[in-house]
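S.K.: Let me see the structure of the following:
(4 chains)
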There are 2 protein chains.
Amino acid sequence: MAKTVRRGTGPRGDHNREEFQSLVTKAAEGLVRQEGLRGLGMRRLAAVIGYAPNSIYNAVGDLDTVVMRVNARTLERLHDALVTAISPDAPPRDNAVALADAYLAFVQADPQVWSLVFEHSLAPDSAFPDWYAQALARTTDLVDRVLQPMIPEEDERRQAVATLWAGLHGLASLSTSRKLAVLTPEPPRDLARLLVRRFLG
Amino acid sequence: MAKTVRRGTGPRGDHNREEFQSLVTKAAEGLVRQEGLRGLGMRRLAAVIGYAPNSIYNAVGDLDTVVMRVNARTLERLHDALVTAISPDAPPRDNAVALADAYLAFVQADPQVWSLVFEHSLAPDSAFPDWYAQALARTTDLVDRVLQPMIPEEDERRQAVATLWAGLHGLASLSTSRKLAVLTPEPPRDLARLLVRRFLG
DNA sequence: CCGATTTTTTGAACGACGTTCAATAAGCAC
DNA sequence: GTGCTTATTGAACGTCGTTCAAAAAATCGG
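M.R.: Below you'll find the predicted structure:
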């Protein structure tokens, strides 16, 4: 015995790089889910996964990078949730409403993690990350495809997608920060349906 | 001489309590305007106004309180900007579009300070501050009055106000975080007009 | 006008934080 | 085994928000 005692340094061999990154990301997501952005700290995160902070710096990067990774995962999860909400043979209008419903359901089920995507503001001089733009485009493309039969013209449809997307975002954002309930008792899902129906005429 | 030398303690008599609070709020607003939420720190704020951090704690409170005060001021400024945008004898539709324009112009002119209102998320267990709800209601009431001739029924109008307000917020929010330009090259003002026009039929 | 009390102001300290440095140990190629 | 790369760590640095206790100015009662 006493052979497996850690002496403090050296690789453990428990994870390869990718596994460790995933471990860090999921642990960070859990912290945010329970206590929000304020609950996510480097030392705390390291303690949760049972490593020293430096291991996170080595394999992932600083706190901003960790947040970005959580956000990337959130966008993927949102995309998956939206995909299962639409059915190819349903009327476009129904699909649009179903997308709005799924969006708000996703946000309501995981408000703190979703909020992290927008609470975290990247430095205004740094370039917009490519993977981030792509993850966003992958999701809004879903809306684009749903609207295609209703708005065949490309530019017009792109504007409609952006506007509807922003509208849903606004409803979700004000909802999670309790600024929507102050204005009206209606659940955000009803307002989202109102928005989609009125916008699509 | 040397009579006016500060020896480190005791009131200065330069400001009464209200003036000092206003001084702190405006200095904090300036810091946020230049460097965003990350640029606002207690020690830095104290240094800017030439006092010790403790004086801010004494007269105002902790950093969260300072942020709240800046946000209250921002909502007031937004309200003033919106009031001057509408004219009582214009068609309601034009006033609605004018409100949207003024909103987005305000955000574009002061994006960092405006973002602070939504970046700062209050603790989820604490009660929603009354003055905050009132400042919000004061502003959305403007929208309500503008829509009154178009949507006479009260409940329906309240929902329309909330939805439009959230939609504008979403456009502004995605715009300041550069997440809207990724989707479409149109300036947010055009999308806001699209939203208002389509929504109001 | 003076003494007591309240209010304002401060330096110093505390604990926690993000991040970096230098050292050490494990895994790996040959 | 030997040398090299990689993972891992404790300790340190500077900064931060906040609190404490003391001191000085303002205020008030007589």
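S.K.: Check the gap between residue A:59 and DNA strand C for me.
M.R.: Separation of residue A:59 from DNA strand C (C-beta to the nearest atom of the strand, to the nearest Å) stands at 12 Å. Every C-beta, even on glycine, is put in place using the N, C-alpha and C of the backbone.
S.K.: surely that residue meets residue A:21?
M.R.: Yes - in this structure residue A:59 lies within contact range of residue A:21 using C-beta atoms under 8 Å: 5.8 Å.
S.K.: Now the spatially closest residue to residue A:174 that is not a sequence neighbour: phi and psi?
M.R.: Spatially, and ignoring its direct neighbours in sequence, residue A:174 is nearest to residue A:180 (4.0 Å; C-beta to C-beta, 6 or more residues apart in numbering or on different chains). Main-chain dihedrals, residue A:180, degrees, to the nearest 10: phi -90, psi -40.
S.K.: who touches residue A:180 in this structure?
M.R.: A:171, A:174, A:188, A:191, B:162, B:166 (C-beta atoms under 8 Å, 6 or more residues apart in numbering or on different chains).
S.K.: Go again with 7 Å.
M.R.: A:171, A:174, A:188, B:162, B:166 (C-beta atoms under 7 Å, 6 or more residues apart in numbering or on different chains).
S.K.: Which of those residues sits closest to DNA strand D?
M.R.: Ranked by distance to DNA strand D (C-beta to the nearest atom of the strand), the contacts of residue A:180 are led by residue A:174 at 25.5 Å.
S.K.: What pLDDT is listed against that closest one?
M.R.: For residue A:174, the pLDDT comes out at 96.
S.K.: give me the low-pLDDT residue ranges for chain A?
M.R.: Across chain A, residues meeting the criterion (pLDDT under 70) sit at A:1-8.
S.K.: residue closest to the middle of it?
M.R.: residue A:74 (3.0 Å; C-alpha atoms, centre = their mean).
S.K.: Distance of residue A:142 relative to residue B:138?
M.R.: 38 Å (C-beta to C-beta, to the nearest Å).
S.K.: again, but for residue A:9
M.R.: 60 Å.
S.K.: neighbour-wise, which of those two wins?
M.R.: residue B:138 (14 against 6; other C-beta atoms under 10 Å in any protein chain shown).
S.K.: so the more buried one makes contact with residue B:79?
M.R.: Yes - the pair residue B:138 / residue B:79 is scored as a contact, 5.8 Å apart, by C-beta atoms under 7 Å.
S.K.: what's the span of stretch A:181-195 from first residue to last?
M.R.: When the termini of stretch A:181-195 are compared using C-alpha to C-alpha, to the nearest Å, they are 17 Å apart.
S.K.: how far does that stretch sit from the chain's center?
M.R.: From the chain centre to the centre of stretch A:181-195 is a distance of 21 Å (C-alpha atoms, centre = their mean, to the nearest Å).
S.K.: what does stretch A:103-119 give?
M.R.: On C-alpha atoms, centre = their mean, the centre of stretch A:103-119 falls 7 Å from that of its chain.
S.K.: Which phi and psi values does residue A:76 adopt?
M.R.: Phi and psi for residue A:76, reported as degrees, to the nearest 10, are phi -60, psi -50.
S.K.: brain fart, residue A:185
M.R.: Note on residue A:185: backbone dihedrals following degrees, to the nearest 10 are phi -80, psi -10.
S.K.: Give me the domain ranges for chain A.
M.R.: A:14-61, A:70-199 (automatic domain parsing).
S.K.: OK, now which residue of chain A is nearest to chain B?
M.R.: residue A:170 (2.6 Å; C-beta to the nearest C-beta).
S.K.: Name the nearest residue to residue A:170, ignoring sequence neighbours.
M.R.: Nearest to residue A:170 is residue B:170, by C-beta to C-beta, 6+ apart, at 2.6 Å.
S.K.: Let me know the next secondary structure element after whichever strand or helix holds that neighbour.
M.R.: Assigned by DSSP states H and E, residue B:170 belongs to helix B:154-176. Next along the chain after helix B:154-176, taking DSSP H and E as the criterion, comes helix B:188-199.
S.K.: Enumerate every residue touching residue A:66.
M.R.: Residue A:66 neighbours (C-beta under 7 Å, 6+ apart): A:24, A:28, A:60.
S.K.: Just say helix, strand or coil for residue A:87.
M.R.: coil (DSSP: H, G, I helix; E, B strand; the rest coil).
S.K.: surely residue A:112 meets residue A:32?
M.R.: Yes - if you go by C-beta under 7 Å, residue A:112 and residue A:32 touch, sitting 5.5 Å apart.
S.K.: More neighbours: those two, which one.
M.R.: Shown here are residue A:112 and residue A:32; by other C-beta under 10 Å, residue A:32 has more neighbours (25 against 19).
S.K.: of all the residues in chain A, which ones are close to DNA strand D?
M.R.: Contacts of chain A with DNA strand D, taken as C-beta under 7 Å from any atom of the strand, map to A:6, A:8-15, A:17, A:20, A:50-55, A:58-59.
S.K.: So how do I select the buried members of those residues in ChimeraX?
M.R.: To isolate the buried ones among the residues of chain A next to DNA strand D in ChimeraX, judged by 16 or more other C-beta atoms under 10 Å in any protein chain shown, type:
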select /A:15,20,51,55,59
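S.K.: Can you flag which of the residues of chain A next to DNA strand D belong to helices?
M.R.: Taking DSSP state H as the definition of helices, the residues of chain A next to DNA strand D contribute A:17, A:20, A:53, A:54, A:55, A:58, A:59.
S.K.: and the third one, what is it in contact with?
M.R.: Spelled out, it's residue A:53. Contacts of residue A:53 (C-beta under 7 Å, 6+ apart): A:42, A:43, A:46.
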